[in-house]
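Enquirer: Have a look; sequence and predicted model below, questions after that.
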Amino acid sequence: MPDSAQHSMNDTITIALIGQPNVGKSSLINALSGSHLKVGNFSGVTIEKTQATFFYHGTRIVIVDLPGSYSLNHYSPEEKITKDFLESRQYDIVLNVLDSTNLARNLALTGQVMDLGVKMVLGLNMIDEAREEHIQVNHALLGEILGVPCVPISAHTNENLPALLDILIDTARKPLCAPKRIYNDEIERAIAEVERFITQREFYDLQGYPNAHAPLSMRQIAILLIKQDSNLYAYLHDKPSYHEIIQCVNQARNALSMASGEHNIMRLFHQDAIAFAQGAGQESTTYPKTMLQKTKNMDALLLHKVFGIPIFLGLMFVLFEMTFYVGGFFKDYIELGFDELSSMLREVIVVKDFASLLCDGVIGGVGTIIAFLPLIVVLYFGIAILESSGYMARIAFLLDGFFHRFGLHGKSFIPLVAGFGCSVPAYMATRTLKNRNERLITLFVIGFMSCSARLPIYVLFVGAFFAPKYAGVVLFGIYLFGALIALLLAKFLKLSVFRGYEEPFVMEMPKYRMPNWRVVWFSVWSKVVMFLKKAAGFIFLGSVLIWFASQYPKSPDLEHAYETKKQAILESTSSGIMLSQAQQAAQEQQLWYLANEYNEQFLRQTYSGRIGEALRPFFAPLGFDWRLSIALVSGFAAKEVVVSTLGILYALGDDATEESVSLQQNLKDTISFPSAIAFIVFVMFYIPCFAATITFGREAGGVKFVVYLFVFTTIVAYMFALLGYFIADVGYGFFMG
């Protein structure tokens, strides 16, 4: 749609793009702007903002895509952002996108926007689908009823998009023509009373609001006064006319409350907007009797009280199997590629410290970031398909009853299950939740769903302390226990920290439709770009800091002692005589033990080691030694590091794995069974890895939430680990048979 020729124009029109969810706003902004899209976040929040800038017939057009909202209330962050932006009037015209197949529902938002007294054009999207379903939309009659230009369009087929842009530009350049918004008799009487008062008194302060170039009519100002518009009240607060005007408005509001029997004036306006929308929709639209039959037939199966949840679980199983098998396949190759690059650079770079910084810190950090991308791409590809097909709303409906008991939303299921694979995409998946409290509760409990990085730790300890016949049951119990505690703690958060107003579950059931692949691709691409921009820098910095803590301070005395002992071993077995194969093996074994002893002592005196030593009193009730403390500290960088750290600390080399028999035996010899249980439980619940924690902070709203997460997870992990320690101590004989 945008002009290919370059223009240098001062004529710019800013369009605020609004609409309820699932009306095709994303498809429309893609169709209008092509590749001229910029993705970011609204100031101070993580809610996505898409902005497009392009030229059309010599006019520079800027489209700001506001979050999908059912109304202009404050039920969700999206609604608040949309309402605040519309009231700021930092735009020239509003483009309200509606679903032509369901105008009555969509027009409720339109009625609220009309109250603001702004220039507006209605884009009746999906008009091609309406024709296919034999829905007759009289857009001319609808425009006459509302007093607002209405353009039937299709973002999918690009139908009437040039005409839409022409009408937008023409309407934006003309003076504001008040829409034909008619209210019920009680509201109209209140409006007339306030309008008559401010007109007779000729208040100068109101004649130029919001600006002298585009002032509102006295009727529009009267409506805003009765609705107690925050911007208008702030504008009048220091004006001489403020108290006189407010006295009149309060009298009108009181009379309105008495006449209607409703004390909440905003609810009264909201109910009237719904009634107005239904009336306008019925007047301008004719529906065939069989239109919804296909959707009802599919819902009869997918929302079946017996088969609905199994079908859903099957789809989720396929999605997450794809995420962790397809994404994991590429993740392994990416990690292997970075490992090969690090090995090659180690051979080329002579300076040891610089090689370690570059390979272990820089490349290791970048590798960690890039390795997450395949999982994110696959997961969000599946979620985007579910959303655009109309099935996501049904998932929320299907599970909301159960999750609601624990203070969660039906959509919380997606990020919680994603947490079993990786917490990073799981935290990002919470963006589908609209209510801030429900979203924060979900964010705080995702870490209790054991991610795949914790699996090697579980396998190591379960294999060391449980008989093989019990291992599978114990491993299943670990995951089940974590999920159960997550739900219980969600309920605790709902009743304590996030108690208060509870938003009712209101969600449309959109029609099933084939996904728009262009929108799916853009959805996935935008999330990948945002992940790299917002998380990559912090993960990179954290990786370098953790590398530094595990490498410094250096100990020349320790290194000198190691080199002396190493030289002594070499000299004791080399007297100019060729060594036998057995002697060479013995020498290599001595050097191996010496190197691991040096690594253990070196790590112990680094900053990471000192932190582990300092934490020993904290972990003493759990029976943890300094080795387990250091392993937990290193696990903050990445849970995968815990096993290799234990391998170093137990003088077995950092190539030890969860299946290492010698490591398992050493753990069994040096750690008590109750301490092992406590360690497993602590790993289950303590703060996620650095990458996930940074992502959590971004999604939750800042550093203070990271502090809250650290305190919350540490307390939970310690309490349950201590409980597990005492239960295991008392019932050791029973558990081990």
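Expert: Received, thanks.
Enquirer: mind listing what the closest residue to Ser217 other than its chain neighbours touches?
Expert: Nearest non-adjacent residue to Ser217, counting by C-beta to C-beta, 6 or more residues apart in numbering: Ala178, 5.6 Å away. Just so you know, the C-beta spots here come from the backbone N, C-alpha and C atoms, and that holds for glycine as well. Listed by C-beta atoms under 8 Å, 6 or more residues apart in numbering, the contact set of Ala178 reads Gly117, Gly147, Ser217, Arg219, Gln220.
Enquirer: Same check on Ala384?
Expert: Neighbour list for Ala384: Pro515, Val519, Val520, Ser523, Val524 [criterion: C-beta under 8 Å, 6+ apart].
Enquirer: coming back round to it: helix/strand/coil for the residue nearest to Ser217?
Expert: Judged by DSSP: H, G, I helix; E, B strand; the rest coil, the three-state class of Ala178 is coil.
Enquirer: Quick check: of the contacts of Ala178, which lies closest to Arg698?
Expert: Set against Arg698, the nearest of the contacts of Ala178 by C-beta to C-beta is Gly117 (36.9 Å).
Enquirer: So the closest one versus Ile223, what's the distance?
Expert: For Gly117, the distance to Ile223 equals 8 Å [C-beta to C-beta, to the nearest Å].
Enquirer: contacting residues around stretch 548-566?
Expert: Under the contact criterion C-beta under 8 Å, 6+ apart, stretch 548-566 has outside partners 353, 356, 360-361, 591, 594-595, 598, 601-603, 605-608, 611, 634.
Enquirer: Show me which residues of it are buried.
Expert: Ala549, Ser550, Gln551, Ser555, Tyr562 (16 or more other C-beta atoms under 10 Å).
Enquirer: gap between the two ends of it?
Expert: The first and final residues of stretch 548-566 sit 26 Å from each other (C-alpha to C-alpha, to the nearest Å).
Enquirer: Would you map the strands across the stretch 151-300 of the chain?
Expert: Taking DSSP state E, counting those that start in this stretch, the strands of the stretch 151-300 of the chain run over residues 285-286.
Enquirer: go on, the chain?
Expert: 12-19, 37-41, 48-56, 59-65, 93-99, 120-125, 136-137, 150-152, 285-286 (DSSP state E).
Enquirer: Next one: the closest residue to Phe498 other than its chain neighbours relative to Gln20, how far apart?
Expert: Distance criterion C-beta to C-beta, 6+ apart; nearest residue to Phe498, sequence neighbours excluded, is Asn437 at 4.4 Å. According to C-beta to C-beta, Asn437 and Gln20 sit 22 Å apart.
Enquirer: out of the two, which sits in the busier spot?
Expert: Between Asn437 and Gln20, counted using other C-beta atoms under 10 Å, Gln20 has the larger neighbour count: 23 against 19.
Enquirer: surely that one meets Arg105?
Expert: Yes. Counting by C-beta atoms under 8 Å, Arg105 is a contact partner of Gln20 at 7.1 Å.
Enquirer: Leu632: what's it in contact with?
Expert: Counting by C-beta under 8 Å, 6+ apart, Leu632 makes contact with Gly612, Leu615, Phe619, Phe624, Val642, Phe682, Val683, Tyr686.
Enquirer: now, among the residues you listed, which is nearest to Leu86?
Expert: For the contacts of Leu632, the nearest to Leu86 is Tyr686 (43.8 Å; C-beta to C-beta).
Enquirer: check contacts around the residue lying closest to that closest one once chain neighbours are set aside.
Expert: Spatial nearest neighbour of Tyr686, excluding adjacent residues (C-beta to C-beta, 6+ apart): Ala717 at 4.0 Å. Residues in contact with Ala717 (C-beta under 8 Å, 6+ apart) are Val681, Phe682, Met684, Phe685, Tyr686.
Enquirer: please redo it, this time with the cut-off set to 6 Å
Expert: Ala717 makes contact with Phe682, Phe685, Tyr686, according to C-beta atoms under 6 Å, 6 or more residues apart in numbering.
Enquirer: ok, so what distance separates it from Ala178?
Expert: Taking C-beta to C-beta, one finds Ala717 at 61 Å from Ala178.
Enquirer: do the same with Val643
Expert: Taken as C-beta to C-beta, the span from Val643 to Ala178 is 70 Å.
Enquirer: next one: Phe498
Expert: 42 Å.
Enquirer: what does Tyr70 give?
Expert: 25 Å.
Enquirer: try Arg196
Expert: Per C-beta to C-beta, Arg196 is found 17 Å from Ala178.
Enquirer: Show me which of the contacts of Ala178 is closest to Phe481.
Expert: Looking across the contacts of Ala178 and measuring by C-beta to C-beta, the closest to Phe481 is Gly117, at 57.1 Å.
Enquirer: Correct me if wrong: that closest one contacts Leu216.
Expert: Yes. At 4.5 Å, Gly117 counts as touching Leu216 under the criterion of C-beta atoms under 6 Å.
Enquirer: wait, what's in contact with Val148?
Expert: Val148 sits next to Met120, Leu122, Pro179 when contact means C-beta under 6 Å, 6+ apart.
Enquirer: per-residue confidence for it?
Expert: Predicted confidence (pLDDT) for Val148: 91.
Enquirer: Would you mind stating the distance between it and Ile167?
Expert: From Val148 to Ile167 the distance is 11 Å (C-beta to C-beta).
Enquirer: Are there residues contacting both of the two? Which ones?
Expert: With C-beta under 6 Å, 6+ apart, Val148 and Ile167 have no common neighbours.
Enquirer: In stretch 273-282, which residues are buried?
Expert: In stretch 273-282, the ones that count as buried by 16+ other C-beta under 10 Å are Ala273, Ile274, Phe276, Ala277, Ala280, Gly281.
Enquirer: coming back round to it: closest one of the contacts of Ala178 to Tyr333?
Expert: The closest of those to Tyr333 turns out to be Gly117 (C-beta to C-beta; 57.9 Å).
Enquirer: what number of residues lie near the residue nearest to that closest one when sequence neighbours are not counted?
Expert: Spatial nearest neighbour of Gly117, chain neighbours left out: Gln220 (3.5 Å); criterion: C-beta to C-beta, 6+ apart. By the criterion of other C-beta under 10 Å, Gln220 has 22 neighbours.
Enquirer: Got the confidence number for Gln220?
Expert: So, for Gln220, pLDDT stands at 83.
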